[in-house]
Structures are given as structure tokens and as C-alpha cells.
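[1] Show me the folded form of this:
(chains A, B, C and D)
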Protein chains: 2
Amino acid sequence: MGRPTMEDVAALAGVSRALVSIVYRDAPGASDATRARVLAAGAELGYRPDHRARLLGRTRTRLLGVTFDVQASFHGDLVEALYTAAESAGYDLALSAVAPSRSESRAVQSLLDYRCEALILLGPTLKPSALAALAESQPTVVVARKVRAPGVDVVRTDDTTGSRLAVEHLLALGHTKIAHIDGGKTPGSPERRTGYRNTMRAARLTPLIVPGGPTEDEGARAAKTFLDDAPRATAVTVFNDRSAVGFLDIIRQSRRVPDELSVIGYDNTTVAALSHIDLTTIAQDTPRLAAHATTTALARLAGTPTTPDQTIPPTLIPRTTTGPPR
Amino acid sequence: MGRPTMEDVAALAGVSRALVSIVYRDAPGASDATRARVLAAGAELGYRPDHRARLLGRTRTRLLGVTFDVQASFHGDLVEALYTAAESAGYDLALSAVAPSRSESRAVQSLLDYRCEALILLGPTLKPSALAALAESQPTVVVARKVRAPGVDVVRTDDTTGSRLAVEHLLALGHTKIAHIDGGKTPGSPERRTGYRNTMRAARLTPLIVPGGPTEDEGARAAKTFLDDAPRATAVTVFNDRSAVGFLDIIRQSRRVPDELSVIGYDNTTVAALSHIDLTTIAQDTPRLAAHATTTALARLAGTPTTPDQTIPPTLIPRTTTGPPR
DNA sequence: TGTCGCTACTAGAGCGCTCTAGTCAGATGC
DNA sequence: GCATCTGACTAGAGCGCTCTAGTAGCGACA
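    Coordinates of the predicted model:
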């Protein structure tokens, strides 16, 4: 027999199936008394509308497909924020995980099979051409990656501003000898480098960039280069938290942090927040990223023009790895 | 007009809708020639079966509902493994995230609305009574948490064995003075403590347990207690990786690791694998956990008797925080 | 030649909803 | 008193599939 259907509720309440539908959709056309009676009958039977049938019945699925990397904790934050954003727009989320053994195109296909109205891809690695192809059949929003693909909307953090915030924080503390450990050719690295350089120049200071990369190891390696290249620097902005953690691990052997050296990371990962690391960092504004992604997808759906590349300003999270110079 | 339907494919291939269904379900009853012709027509139209309609049409949804914590990277591993396990059983996964702003019961309800055949809950925090209630309407498997609730199957790592492995690794390296930093009243803590104690006793050694907890801070605090209580210990097994990382951070100020002190964590988190931490640890066998969870759910579905509490042995991941005593 | 058995296919009734196009009282207007 | 309107409710046709029951065609066998 399985779970109760709308028919069962209708029979118990002594009304038609259609009326039950009206009540459960919260649509106009039922008196308050009947409404209450139907809901009571539904509750008694433990009725819950079948989502599949509901989706099939109406033209619009009110479903937003989201792909995310199962390992990226930043994606976790975004998914949470997307739930909130989608819900307030009356949409539901269909999640599809990307993992080493589950490719992104696989994940996307399964979302399409559910007839999601739009796609929100978190940090996708698909080629621009593949993204453009997806965008042809439904609105496609890329979050947290800078890509140019026709028809694809991008919502990302303004990394140039992020870097500027980091440098300005250090300037405000009184630092003048500020170096930057860069992220090599990682996405986002050019923007963060530019933000650093521009802010330094605006303050009439000399930028000093140490080559680095996105991992702890590269941060650790950069620490050695840093000691040689910029021994007199009193502060450093690092490409990201992971790199900063590796950097700190080495640098602490010869410098007290923050007394002798202030360090800022980027991303506000959970590792940065660990009490024994307690890294000052730049946080991406996940609720706004999520809200903009949702709004953009819905705007496309509605045929409203969208801004294809939106940047959201990040914020500084001051912790204990930064302080005034000695 | 939207996406092509089965009807469109049928028309193009010059066959009935039912035949197209047969072909796409890979069911017997179509000649090879027709099969090819139908698939060609489908490909030409870019047809993909509508998942919702497919689910509605058949009695069984072949859908496994999974709740997971969006922040727990361990859950990420499990989700990946579950995709693999479910797929080989011909099932698909419906994911529902649990987050601070999205309660577990919320997540479960949305899975039920999709008429999942069974529920797989990763580290759920629901009360046993709530779990039992869920188990009444469909198979419910709890992964990575020890709970006793009628009708609920549990699949978890054998933590006693995990602790034993840790101690045996240290014994094999030649250690005899081995302490344990425990996890307080965290789930799993009693089992891990027991495993440590039993293995020590079996080796005719005196167990020494230092109170601790699951976080970095508690690990760091335990490090101070440890230096007072067990100054002569040459090795220590810590409740989990997070605690071990905090412990290491403090202990390294007075002891060289592993020369003067060997340290083992538990969980094999990504943090443990970071090259500058490189923590020897105990890894949970996620593929097997996932496989057992899936198998158990399907067995319940089939009416086969299940083992309500299954434990999977973990494995030791040797890294550089352990070595022979000086 | 009749009928049995097969394979290859089709017709059509669901699945559990949504939603358009009604019906049918009873209130309102003139 | 009659047409008109409105609010409350129902009938029934989909949505895009699955799946059971059934048919058509054909070779085999007695």
C-alpha cells in the first residue's frame, strides 16, 4: 500500500482530490473550515505530498541544481547559504556531488535528468566551451571561479579588493615593509597580486612579491625564500590560508608572530580559525555569493538581463597573527 | 516546448513510445536493429529520460536518501563511496545536507518527500526515538555513530580495534611507555580508551590515560597535563587528529617528534595528511563503511535479516610523527 | 493445414500530483 | 423575478514515464 496519497486524504476529509491539492499548495479557493479539515485529515494519515509527482505535474520544477566538491569545506558553506537563498525564492535545491570518482559532467547530467530549471556550479573545472553548451539549455551560474563563457553568469569574490583589505589592515597597524607570497598560476592569484601591488603603490610603498603556490608545502618553501629576499619585512600577505599555514610553520622557527612578523591569509578556512593557528584572514561573503547566484539564476529564468560577472567584496577577519610592528 | 520527450523519440524512430521505454531501460524485447535506430533518434534529439517521470512510473524509486554534514570532510569521503556502492546496486543517491541553518529532521523530511526507498544517515544527531520512528516507515541505516534504536541498523568503525592498532604500532617500534589522551565524553571515546587499555594490559604494560577532548584546544591543554603526568612516556595515542594537532603544537616546544616522542592521531583527516603535520593516524575504511551501509539498506528492503550493529576494522596510516624510541 | 511458441512490437492504464474549465449554490443588482 | 457575480468546490485531462496485457508475424512441427 505504501504511503498515503492525496486520494486517501480526500476520501477521509470528504472532499475532492483537487481540493486537497489546493490546500497543500496553499492556493486560493478553499474555505478556512475546509482547509483545516483537510489538513487534519492529512495529519492523521501522516500524508506528505509526493515531490516527484508534484514536480511532474507542473511545468516548472522550482528546482535549482547545484554541483559542489565534496571535499571543499568552502563549498559546504556555500551550499548552506544556497539552501537559505533558494528557499526564500520558493525554490528547492538538488545537490550533486563532485568527487575524484564522480566527474563534474556526470554530476551535471544527473541534475539535468531531474529537470532542474537552472544550474549553479560551485568552482567548476569544466571548460568554458562545456559551460557555454550547458548555458544554452538552461541558466548556468558559475560561483567562485572566473570564467568567460557565452551565456554563463559568474558570481565570485572580488579578490583585488580582498588583497587591498589585507594590505590596508597592515598599513593601519603601522607596517610599511609588507611582502606578498603569491599563488603561482592558481585561479585568483593574478587578482590578489594586483590588489596587493596597487594598494602598496597607492601608499607609495615598494611592493615585494615572493613566488609561492596554493599548498602548505609551497607556503613553507616560500618562507625560506622570504627570509632571504625580504629579511626586513615586518608583515606579509599570503595567497591563501593553506599556504599561510605552511609559511607560519617554518617562519615561526626564526620570527615571533605577530611581534616580529604579521601574517595574513585568505579564504577564512576552518584551519585558519583553529585556536592554535588563529590566522588573520580575508573571508569570502558566502551568504551574498549564494544570494547573488540564486538571484542571477532566477533573473535568467525570468528573462531579465543579468550582469555576467559579479564580484562580491570580501571582509577582513582580524585574528592574532597580525599586530603593530615592533 | 522544452526538452524532447519519449514521444518525440518514438515519432522520429517510427516506433511506439513503449518501445523507446524498453530501449532506454535496457529491457528485453527489442531487436538490435531497432534498438540502434531508437538510440540514434534519441541522440539526434538530445533526449534524456525524465528522472522524475521515471521514478513516478515505477513502484520502486531505486533512490537512497543520504543526509550528511556539509562541514565534515569525513562525510565527503563517505558520500563519494556511497555513490559508488549505490551505483553498483543499481541505485541512485538523493543528497540532503545538514548545516547549522538546516536541521537534520528537515533534511530527512525532504528525502522522504522524494520517496527514497531507504535512508542512510551519516553521523546523525537525532535521538534514538526519532531514528526508531523513521525506521518504521523505511530501512534506516546510521553510519559512524553508535546508537541503539529499534529497527535501526548501525554501521561504524571498530574503534576498539583502531586503538589497538595504534598501540601495537608503537609496541612494534619498541615503545613501552605509551600514554593515551582521551576524548572525554565524545562518542567513540569509551571504545578508543578501552582498546588502548586492553592492548596495554595484554602487553603487560601500565596504561596511562590523560584527560582530553575532541578539539585542538583540548589537545593543547592535554599536552601540558601530559608533561606533568607522564614526563617519561616516549609515545602517545591521541583520541583524534584534531586533538593531536593541538597537542603537537604545544609538545613540540619541549620535545622533538618523533625522536623524543611519537604521536598517533585518529580519523585520518585531511589536516593530518598536511605535509607539515604528517601525522600517523588511524583511518576509517570509508569504502567498506559505504558498501556495508548500502548492502544493509538493500537487505532490509529485501526483507533479509540484517546485523543491526556492524563494525568495520580501521587501518593504520604510518606517517612521520611516529618512530622508534631513542 | 492448423496450432504452438517465439520474438518484436503496440495499446493503454496507471503513478500522484497540478491545473484548466467547469458546476452549483447563494448573494447582489435592478 | 431574472440575470449576474462570486466563492467553494469538482471533473478530468495532462505531466513523461513504466509496465501489463495483448497482437502480429513467422518459422516449426505434427
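
[2] Flag every residue of chain A that's near DNA strand D.
    A:15-19, A:22, A:28-31, A:33-34, A:53, A:56-57 (C-beta under 7 Å from any atom of the strand). Where you see a C-beta, it was placed from the backbone N, CA and C, and this is true even at glycine.

[3] Find the residue closest to A:Tyr83 in space, skipping its chain neighbours.
    The shortest distance from A:Tyr83 to any non-neighbouring residue, by C-beta to C-beta, 6 or more residues apart in numbering or on different chains, is to B:Arg102 (5.3 Å).

[4] actually A:Ser243, sorry about that
    Per C-beta to C-beta, 6+ apart, closest to A:Ser243 is A:Gly219, 3.4 Å.

[5] So which residues make contact with the strand or helix carrying that neighbour?
    Per DSSP states H and E, A:Gly219 falls inside helix A:216-229. Identification of contacts with helix A:216-229 by C-beta atoms under 8 Å, 6 or more residues apart in numbering or on different chains yields A:179, A:181, A:184, A:208, A:210-213, A:233, A:236, A:238, A:242-251, A:254, B:274-276.

[6] Which of the residues you listed fall within strands?
    A:179, A:181, A:208, A:210, A:236, A:238 (DSSP state E).

[7] The residue nearest in space to the middle of chain A: which element?
    In chain A, the C-alpha nearest the mean C-alpha coordinate belongs to A:Leu78, at 3.9 Å (C-alpha atoms, centre = their mean). Here A:Leu78, judged by DSSP H and E, is contained in helix A:73-88.

[8] Ok, A:Gly65 next?
    strand A:63-69.

[9] tell me how far stretch A:302-320 is from the chain's mean position?
    Chain-centre distance of stretch A:302-320: 10 Å, with C-alpha atoms, centre = their mean, to the nearest Å.

[10] Alpha carbons only: can I get it in PDB?
    Taking C-alpha atoms only, stretch A:302-320 is exported to PDB below (Å, rounded to 0.1, in the frame of the first residue of the first chain):
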ATOM      1  CA  ALA A 302      12.600  35.300 -15.900                       C
ATOM      2  CA  GLY A 303      14.400  36.700 -19.000                       C
ATOM      3  CA  THR A 304      15.600  39.700 -17.100                       C
ATOM      4  CA  PRO A 305      19.100  40.900 -18.200                       C
ATOM      5  CA  THR A 306      21.900  39.800 -15.800                       C
ATOM      6  CA  THR A 307      25.300  41.000 -15.000                       C
ATOM      7  CA  PRO A 308      27.500  38.300 -16.400                       C
ATOM      8  CA  ASP A 309      30.400  38.800 -14.000                       C
ATOM      9  CA  GLN A 310      29.500  39.900 -10.500                       C
ATOM     10  CA  THR A 311      32.100  40.400  -7.800                       C
ATOM     11  CA  ILE A 312      31.300  40.400  -4.100                       C
ATOM     12  CA  PRO A 313      33.600  42.300  -1.700                       C
ATOM     13  CA  PRO A 314      35.200  40.100   1.000                       C
ATOM     14  CA  THR A 315      35.800  41.100   4.600                       C
ATOM     15  CA  LEU A 316      38.800  41.100   6.900                       C
ATOM     16  CA  ILE A 317      38.700  38.700   9.800                       C
ATOM     17  CA  PRO A 318      41.300  40.000  12.300                       C
ATOM     18  CA  ARG A 319      42.900  37.400  14.500                       C
ATOM     19  CA  THR A 320      46.100  37.100  16.400                       C
END
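
[11] which other residues reach that stretch?
    Residues contacting stretch A:302-320 (C-beta under 8 Å, 6+ apart): A:146, A:148, A:152-159, A:161-162, A:165-166, A:169, A:258, A:268, A:272-273, A:278-285, A:288-289, A:292, A:296, A:299-300.

[12] Out of those residues, name the ones that lie in strands.
    Short answer: those in strands (DSSP E) are A:152-157, A:281-283.

[13] and stretch A:282-298, C-alpha only, in CSV?
    Output of stretch A:282-298 as CSV, limited to C-alpha atoms (Å, rounded to 0.1, in the frame of the first residue of the first chain):
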residue,chain,number,x,y,z
ILE,A,282,40.1,37.5,4.3
ALA,A,283,36.7,35.9,4.3
GLN,A,284,34.5,35.4,1.3
ASP,A,285,31.0,36.5,1.8
THR,A,286,29.2,33.2,1.3
PRO,A,287,25.7,34.3,2.0
ARG,A,288,26.0,37.1,-0.5
LEU,A,289,27.7,34.9,-3.1
ALA,A,290,24.8,32.4,-2.6
ALA,A,291,22.1,35.1,-2.8
HIS,A,292,23.6,36.6,-5.9
ALA,A,293,24.0,33.2,-7.6
THR,A,294,20.3,32.4,-6.9
THR,A,295,19.1,35.9,-7.9
THR,A,296,21.1,35.7,-11.1
ALA,A,297,19.7,32.2,-12.0
LEU,A,298,16.2,33.3,-11.4
